[in-house]
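# Let's see this in three dimensions:
(one chain, ligands or ions: 1)
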Amino acid sequence: MESTGRAGKQDLLRRLPSVDEILKQPAIAEALERIPRKLLLESIREALDIQRRRILAEQAGEESFSLDVRWLASEAVRLAEKKNEFTLRPVVNATGIVVHTNLGRSLLAMEALERLQEVCRAYNNLEYDLAAGRRGSRYVHAEAVLREITGAEAALVVNNNAAAVFLVLNTLAKGREVIVSRGQLVEIGGSFRIPDVMAASGAVLREVGCTNRTHLRDYEQAITEQTALLMKVHCSNYRVIGFTAEVPLEDMARLAHSRGLLAVEDLGSGSLVDVSPFGLPEEPTAQQALKAGADVVTFSGDKLLGGPQAGIILGRRDVIDRCKKNPLTRALRVDKMTLAALEATLRLYRDERRAFAAVPTLRMIATPLETLRERAEELARLIRTCPGAQRLSVQVERNVSQVGGGSLPERDLPTYVVSIRSATWSAARLEQALRHHTIPVIGRIESDRYLLDVRTLQPGDTQIIAEAFQALLADTKS
Ligand SMILES: *Cc1c(COP(=O)(O)O)cnc(C)c1O
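Numbering: from 1, shown residues only. So this is what the prediction gives:
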């Protein structure tokens, strides 16, 4: 290719349309209805700059830039649309990981979404006691239903479970010792480590036992005047296997109480229902932990519970009252949106069958394998019928999904995936193309195949995925 000379380049630069000429294009007029003018202007200048740089580039050939005013206008609109995108937006989760921490963890039930709108569109009694006609407490709202479902004497909801653990330790053990088994000093993603939270709370960690084995006598021997409480942390995202021993909560609580101490359990996921009938190991429920003698339990609102991000503290009234009075509670408090969504989610748990049907997290865990197979066949059919799909090899395969979110490690749920291979695109290229779709589609790669696990797809998602493939197959440049 012959490169354009200096004089030729100056001539090309002069022939570039002006900002005003581009502004007059119908594509811009139409875009002005949805995109702020400032963004469009910026984008027109950017589009022109890109062409200028291409013209001035060493080897510039005619096909590497454009002087066409209509093309420049549409390019400016494309750039402006990119700038105008929300940073936080919906994606399609085709990873099969139900509680996906990177993808927003839990989907809210329709009942919770509707409640959010009703409560937040109007003024509400967040901190107003309607019976007495005076200032009330925001903490009463989810408390009633939590007590009803779990049988706990009292409840307190804070920002997340990390905050719940922090608040409990700060309130009950600041400046004193907390005895924890070495096998339970867990790190959760996002740099939450039990020893660090403990240090920040002002409590002093007293580790006992060994990584694989801790006995009741280890706790017993560590109790001193300095001890405030015995704590159990649920191994939510790992498992110690082989020659192991853990002290049951019941025994730990009995020992604590016999010495006038408190027993606390951080449940992590803290399900309110038994998920073991769906092929998962028995996860201790909050109700079981309370029955086993825990004075306080803490767990997340958006892991297995399937509600909004929140940290739930349940337990003895006197202990919860002390937590409520801690000035730090104000810094960890939840807003009306959390309380509205949480109360609506929890009410679904009054009837377990209803919870499994309406709470998306439970529904996805409980989806029958046959339904997943049908969904995968349907998705495969939609992809295979996209124009140009002969460039793809589309198979339905058995695979496994994970619950995720640091819940139930090493325990996979059988599922069906749509597996895609192509001579044109590598699995990495397919993954990238779908991730960059208007509505991003997040799948996974396994042995150079691109996999879409249908367990975590929501109504309408198969259509979005098919559109993403249509766009890829229609893009002749790729
Ligand atoms: C997930 C988890 C936490 C942190 O909960 P967040 O709601 O993410 O703050 C704390 N402890 C355990 C055992 C967990 O599994």
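# C-alpha from now on. contacts and neighbour counts both.
Noted.
# now the strands: where do they sit in the stretch 1-150 of the chain?
Under the criterion DSSP state E, counting those that start in this stretch, the stretch 1-150 of the chain contains strands at 92-93, 128-129, 134-135.
# deepest of these, which one?
strand 92-93 (a mean of 22; mean count of other Cα atoms under 10 Å).
# Run through who's touching that strand.
Identification of contacts with strand 92-93 by Cα atoms under 8 Å, 6 or more residues apart in numbering yields 103, 439-443, 456-458, 461.
# Report the buried members of those residues.
Restricting the contacts of strand 92-93 to buried positions leaves 103, 439-443, 456-457, 461, with burial counted as 16 or more other Cα atoms under 10 Å.
# Closest to residue 423 out of those?
residue 443 (18.8 Å; Cα to Cα).
# for the closest one, what are its contacts?
For residue 443, the contact set (Cα under 8 Å, 6+ apart) comprises 93-95, 431, 450-453.
# go on, residue 84?
35, 39.
# next one: residue 417
The contact partners of residue 417, taken as Cα under 8 Å, 6+ apart, are 376, 396-399, 451-454.
# Ok, residue 412 next?
With contact set as Cα under 8 Å, 6+ apart, residue 412 has these partners: 280, 400-403.
# Export those to CSV and append columns for neighbour count and secondary structure.
As requested, these are exported to CSV (neighbours: other Cα atoms under 10 Å; DSSP: H, G, I helix; E, B strand; the rest coil):
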residue, neighbour count, secondary structure
280, 17, coil
400, 16, strand
401, 21, strand
402, 23, strand
403, 23, strand
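# what's the most distant pair in these?
By the measure Cα to Cα, 280 and 400 form the most distant pair in those, at 12.4 Å.
# List the residues that are in contact with both of those two.
412-413.
# got the domain boundaries for this protein?
Following automatic domain parsing, one finds the domains of the chain at 6-83, 92-100+365-475, 110-358.
# Tell me the span between the first and last residue of the second one.
I take that to be domain 92-100+365-475. 21 Å (Cα to Cα, to the nearest Å).
# Kindly report the same for the first one.
For domain 6-83, the first-to-last residue distance is 34 Å (Cα to Cα).
# Output the set of residues of the stretch 201-350 of the chain in proximity to the ligand.
Taking Cα under 6 Å from any ligand atom as the criterion, the neighbours of the ligand within the stretch 201-350 of the chain are 233-234, 236, 266-269, 300, 311.
# now do 8 Å
Counting by Cα under 8 Å from any ligand atom, the residues of the stretch 201-350 of the chain close to the ligand are 233-237, 266-269, 299-303, 309-311.
# The stretch 51-200 of the chain too?
Those residues of the stretch 51-200 of the chain that sit near the ligand, judged by Cα under 8 Å from any ligand atom, are 159-165, 186, 188-189, 192, 194.
# Which members of those are the farthest-apart pair?
The largest distance within those, taken as Cα to Cα, falls between 159 and 186 and amounts to 20.2 Å.
# Count the neighbours of residue 248 for me.
Number of residues near residue 248 (other Cα atoms under 10 Å) recorded here: 12.
# Read off the pLDDT value for it.
What the model reports as pLDDT for residue 248 is 94.
# Buried only: go through the residues of the stretch 51-200 of the chain next to the ligand for me.
Neighbour counting by 16+ other Cα under 10 Å classes 159-165, 186, 188, 194 among these as buried.
# Arrange those residues in a markdown table, one row each, with pLDDT and secondary structure as further columns.
Compiled in a markdown table, these are given as follows (pLDDT from 0 to 100; DSSP: H, G, I helix; E, B strand; the rest coil):
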| residue | pLDDT | secondary structure |
| --- | --- | --- |
| 159 | 97 | coil |
| 160 | 96 | coil |
| 161 | 95 | helix |
| 162 | 94 | helix |
| 163 | 96 | helix |
| 164 | 97 | helix |
| 165 | 97 | helix |
| 186 | 82 | coil |
| 188 | 76 | strand |
| 194 | 88 | helix |
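# Of these, which is the nearest to residue 241?
Out of these, the one with the shortest distance to residue 241 is residue 186. That distance is 15.3 Å, counting by Cα to Cα.
# Give me the below-cutoff pLDDT ranges for the stretch 51-200 of the chain.
Counting by pLDDT under 70, the low-confidence segments of the stretch 51-200 of the chain come to 60, 190.
# can you give me the helices in it?
69-84, 110-121, 140-150, 161-173, 194-201 (DSSP state H, counting those that start in this stretch).
# out of these, deepest packed?
Ranked by average neighbour count under the criterion mean count of other Cα under 10 Å, these are headed by helix 161-173 at a mean of 24.
# Quick one: work out the angle between it and helix 194-201.
Angle, helix 161-173 to helix 194-201, by axes from the mean of the first three to the mean of the last three Cα atoms, to 10 degrees: 60 degrees.
# Alpha carbons of helix 161-173, as CSV, please.
Once non-C-alpha atoms are left out, helix 161-173 reads as follows in CSV (Å, rounded to 0.1, in the frame of the first residue of the first chain):
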residue,chain,number,x,y,z
ASN,A,161,-22.3,-10.0,58.1
ALA,A,162,-18.8,-8.6,58.4
ALA,A,163,-20.4,-5.7,60.3
ALA,A,164,-22.5,-8.1,62.3
VAL,A,165,-19.4,-10.0,63.5
PHE,A,166,-17.5,-6.8,64.2
LEU,A,167,-20.4,-5.3,66.2
VAL,A,168,-20.9,-8.5,68.3
LEU,A,169,-17.2,-8.7,69.1
ASN,A,170,-16.8,-5.0,69.8
THR,A,171,-19.9,-5.0,72.1
LEU,A,172,-19.3,-8.3,73.9
ALA,A,173,-15.5,-8.7,74.0
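# could I get the contacts of residue 412 as TSV with pLDDT?
Compiled in TSV, the contacts of residue 412 are given as follows (pLDDT from 0 to 100):
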residue	pLDDT
280	81
400	91
401	89
402	84
403	83
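# of the residues you listed, closest to the ligand?
Out of these, the one with the shortest distance to the ligand is residue 403. That distance is 12.5 Å, counting by Cα to the nearest ligand atom.
# Any idea how many residues pack against the closest residue to that closest one other than its chain neighbours?
Spatial nearest neighbour of residue 403, excluding adjacent residues (Cα to Cα, 6 or more residues apart in numbering): residue 98 at 4.9 Å. Burial of residue 98 is recorded as 30 neighbouring residues (other Cα under 10 Å).
# For residue 98, give me its contacts.
Residues counted as contacts of residue 98 (Cα under 8 Å, 6+ apart) are 105-106, 361, 364-365, 401-405, 455-456.
# what's next to stretch 341-359, contact-wise?
108-113, 115-116, 141-142, 145-146, 149, 272-273, 301, 306-308, 362-363, 366.
# That stretch: which residues count as buried?
Residues of stretch 341-359 classed as buried by neighbour count (16+ other Cα under 10 Å): 341-349, 355-359.
# try stretch 419-431
Within stretch 419-431, the residues scored as buried using 16+ other Cα under 10 Å are 419-422, 427, 430-431.
# Fine, thanks again, bye for now.
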